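K.L.:
A structural model of the following input is requested.
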Amino acid sequence: EVQLVESGGGLVQAGGSLRLSCAASGFTFEDYAIGWFRETPGKEREGVSCISSSDGSTYYTDSVKGRFTISIDNANNTVYLRMNGLYPDDTGVYYCAAHRSKWCTSWIVYLGIDYWGKGTRITVSS
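P.N.:
You can find the predicted model right below:
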């Protein structure tokens, strides 16, 4: 059974930090690009950040560059998203996603996602 299990969401004040985790199982981890999408109020689902399990290349949407850092633990099939300097606009539901590709293209131009997590909510208060 394929699973992407997110953890680490919660309530934080503006300027604060959170770390999200995504534990993957049930598929060949190194064949996938894995990362995070988010749904924020009034906006469409957005590709936030992605990392390639095969070569470690990364993608960040412009609004999070310099604040968020994605990393991978291939030994434990887990992807992390460290989020610093959070803004109220970062509030939303964050979904872990996996796309069978060596690259993070689907986070830039949506080409489909093979597996989704159930999401974890982040609320940033002002």
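
K.L.:
Give me the residue at the spatial middle of this protein.
P.N.:
Trp36 (2.0 Å; Cα atoms, centre = their mean).

K.L.:
any idea where the strands of the protein begin and end?
P.N.:
For the chain, the strands defined by DSSP state E occupy 3-7, 10-13, 18-25, 33-39, 46-52, 58-60, 68-73, 78-83, 92-99, 115-116, 120-125.

K.L.:
Next, the buried residues of the third one.
P.N.:
Which is strand 18-25. Leu18, Leu20, Ser21, Cys22, Ala23, Ala24 (16 or more other Cβ atoms under 10 Å). All C-beta atoms are positioned from the backbone trio N, CA, C, and that covers glycine.

K.L.:
between those residues, which is closest to Ser7?
P.N.:
Nearest to Ser7 among the buried residues of strand 18-25: Ser21, at 4.9 Å, using Cβ to Cβ.

K.L.:
what's Thr105 in contact with, if anything?
P.N.:
Listed by Cβ atoms under 8 Å, 6 or more residues apart in numbering, the contact partners of Thr105 are Ala33, His99, Leu111.

K.L.:
List the residues that contact the last one.
P.N.:
The reference is to Leu111. By Cβ under 8 Å, 6+ apart, the contact set of Leu111 is His99, Ser101, Thr105.

K.L.:
Can you lay out those as a markdown table showing pLDDT and distance to Tyr60?
P.N.:
Shown next, in a markdown table, are the contacts of Leu111 (pLDDT from 0 to 100; distance: Cβ to Cβ, whole Å):
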| residue | pLDDT | distance to Tyr60 |
| --- | --- | --- |
| His99 | 96 | 16 |
| Ser101 | 93 | 17 |
| Thr105 | 90 | 14 |
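
K.L.:
Dump these into CSV; add distance to Val5 as well.
P.N.:
Listed next are those as CSV, based on distance: Cβ to Cβ, whole Å:
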residue, distance to Val5
His99, 17
Ser101, 21
Thr105, 25
